[in-house]
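Enquirer: Build me a structure from this.
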Amino acid sequence: MSKHEELPLPDYDEMSLGDLRSRIRALDAAGLDAVLTYEAGHAARVPVLEVLEARARELADGAEPSGGNPSNAPSVEHGISDH
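Expert: Residues are numbered from 1 along each chain as shown. Reported below is the predicted structural model:
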């Protein structure tokens, strides 16, 4: 998946790293993989990739997505930063 419009997190590019860390917890492995593939093929920001890969390992180790719909979260006002 390479189109921003198809991501399970519609405001992905505007999220802070903290928001992203929280919101990806509601994604299943397929949704997380879509975000990871998008990030790796676009901005490839190391801190973001590290957070996504850590969550992928948690899911692979048996973690379950949290409840809720990640696309229904409130809008974010700041973009993902490297810090």
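Enquirer: Going by C-alpha atoms from here, please, whenever you check contacts or count neighbours.
Expert: Noted.
Enquirer: Just the helices from this structure, written as ranges.
Expert: Using DSSP state H, the helices of the chain run over 17-23, 29-41, 46-60.
Enquirer: Pull the distance from the shortest one to the chain's centre.
Expert: Between the centre of helix 17-23 and the centre of its chain there are 7 Å (Cα atoms, centre = their mean, to the nearest Å).
Enquirer: In that helix, which residues are buried?
Expert: Using 16 or more other Cα atoms under 10 Å as the test for burial, helix 17-23 gives 17, 19-20, 23.
Enquirer: Can I get those in JSON lines including distance to residue 46 and pLDDT?
Expert: Listed next are those as JSON lines, based on distance: Cα to Cα, whole Å; pLDDT from 0 to 100:
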{"residue": "17", "distance to residue 46": "11", "pLDDT": "94"}
{"residue": "19", "distance to residue 46": "16", "pLDDT": "92"}
{"residue": "20", "distance to residue 46": "14", "pLDDT": "94"}
{"residue": "23", "distance to residue 46": "18", "pLDDT": "93"}
